[in-house]
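S.K.: give me a model of this one.
(one chain, ligands or ions: 1)
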Amino acid sequence: MDTIKLHALAKINLGLDVIRRREDGYHEVRMIMQTVGLYDRLSLRRCKKDVISIKTNLSFLPTNKNNLVYKAALLLKEEFGIQDGVSVHLDKHIPVAAGLAGGSSDAAATLVGLNRLFKLGLSKKDLMERGVKLGADVPYCIMGGTALSEGIGEILSPLPKLPAAFILIAKPPMHVSTKFVYENLRLDALPSHPDIDGMIQAIQDGQLNGVCSRMENVLETVTIPEYPVIGQLKEIMKTAGALNALMSGSGPSVFGIFTEESAARKAFALCKKQNHANMVFLVKSV
Ligand code: ATP
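M.R.: So this is what the prediction gives:
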């Protein structure tokens, strides 16, 4: 076996709370994470030449050491003294810098893939411990599913599967810097905090309505005033029949949760037609 093909899934945040800013600048969070059926495709090929080479369909994405796939491959190559190289084909579908953890998920898939390709024998836990060095969301991307994420994102508690629903994701045509959003978050002036514990209970009870009624993301207080189109996308989805709609991560992607496929399709068409979003996906939770 010298080639492995993997899917790297996007995530949304059903709830996102920031508890405090740590002395080291990181933020302590409480988030409800959910993987969705939107993914990048990675093909990892082992080769004799000692290089990490990346080809991707997005011309603006770095293919050097700044790509998270490169960083993930380098981390394992260095730790295990791997002399062979790896050639990666990265077919991106997850919008970049969109609050959907695309880069983190690619890094997670690379760790998982290289563990198999080079027979390193690392457990999921071992991979997650290495993943956090690449980014706070990487351990979760290795785990996937529905989960509570705490600490800086590395303390993970799996939760039962979310009840079946249609999830519409719309990305307006701008990139948002996660760093900018966290730096401009006024923790002392937040009007409210999400009811994360109530959401966990609703997930455990299999109550989709209870989950949706508690959807809240404190980072909206920074990103929406900067980009009002996010608020408009939320309204379009809710008016079209979403149980609720929210910005994911630091934005600008917005997702809406629907029980009726017809309503989700109507919202899909409206998001496209009104030119608020340049990328729209209708998916399910995974
Ligand atoms: P998060 O939700 O974790 O904040 P995000 O979805 O907002 O992440 P990403 O798509 O992961 O953001 O990209 C953030 C930055 O990382 C971009 O500026 C991009 O250039 C860089 N990057 C490096 N490697 C990748 C990759 N494989 N895919 C996407 N972006 C990458």
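S.K.: show me which helix runs longest in this structure.
M.R.: For the chain, the longest helix by residue count, based on DSSP state H, is helix 102-117.
S.K.: chain center to that helix, what's the gap?
M.R.: Distance of helix 102-117 from the chain centroid (C-alpha atoms, centre = their mean, to the nearest Å) equals 14 Å.
S.K.: check stretch 260-275 too.
M.R.: Distance of stretch 260-275 from its chain centroid, counting by C-alpha atoms, centre = their mean, is 22 Å.
S.K.: just list what the helix or strand following the longest helix of the chain packs against, helices and strands only.
M.R.: Where DSSP states H and E defines the elements, the next helix or strand beyond helix 102-117 is helix 124-131. Contact analysis of helix 124-131 by 3 or more C-beta pairs under 8 Å, 6 or more residues apart in numbering; DSSP states H and E lists helix 68-79, helix 102-117, helix 138-143 as its packing neighbours. C-beta here means a position set from N, CA and C on the backbone, and glycine is covered the same way.
S.K.: who wins for proximity to I203 among those?
M.R.: Nearest to I203 among these is helix 138-143; the distance by C-beta to C-beta comes to 15.5 Å.
S.K.: now that closest one: mean pLDDT?
M.R.: Averaged across helix 138-143, pLDDT comes to 98.
S.K.: contacting residues around that helix?
M.R.: Helix 138-143 is contacted by residues 8-9, 11, 33, 35, 72, 101, 104-105, 107-109, 111-112, 124, 127-129, 131-132, 147, 149, 153-154, 156, 158 when judged by C-beta atoms under 8 Å, 6 or more residues apart in numbering.
S.K.: I'd like to know which of those residues are buried.
M.R.: The neighbour-count criterion (16 or more other C-beta atoms under 10 Å) marks 8-9, 11, 33, 35, 72, 101, 104-105, 107-109, 111-112, 127-128, 131-132, 147, 149, 153-154, 156 among the contacts of helix 138-143 as buried.
S.K.: V88 and the ligand, how far apart?
M.R.: Distance, V88 to the ligand, using C-beta to the nearest ligand atom, to the nearest Å: 9 Å.
S.K.: ah, wrong one, I meant L61
M.R.: Separation of L61 from the ligand (C-beta to the nearest ligand atom): 6 Å.
S.K.: one more: T146?
M.R.: In this view, T146 and the ligand are 17 Å apart by C-beta to the nearest ligand atom.
S.K.: now whatever residue of the chain ends up closest to the ligand: closest residue in space, sequence neighbours ignored.
M.R.: Ranked by C-beta to the nearest ligand atom, the top residue of the chain for proximity to the ligand is G103, at 2.7 Å. In space, and not counting its chain neighbours, G103 is closest to L68: 4.3 Å by C-beta to C-beta, 6 or more residues apart in numbering.
S.K.: is it true that that neighbour touches G131?
M.R.: No - the pair L68 / G131 is not scored as a contact, 10.3 Å apart, by C-beta atoms under 8 Å.
S.K.: the helices in the chain, which residues?
M.R.: According to DSSP H, the chain carries its helices in the segments 68-79, 102-117, 124-131, 138-143, 178-183, 196-204, 208-212, 220-226, 229-239, 261-273.
S.K.: check the average confidence over the first one, would you?
M.R.: Yep, that's helix 68-79 we're talking about. Mean pLDDT, helix 68-79: 98.
S.K.: residues of the chain that sit close to the ligand?
M.R.: Among all residues of the chain, those adjacent to the ligand (criterion: C-beta under 6 Å from any ligand atom) are 61-62, 66-69, 96-104, 106, 137, 178, 249-250.
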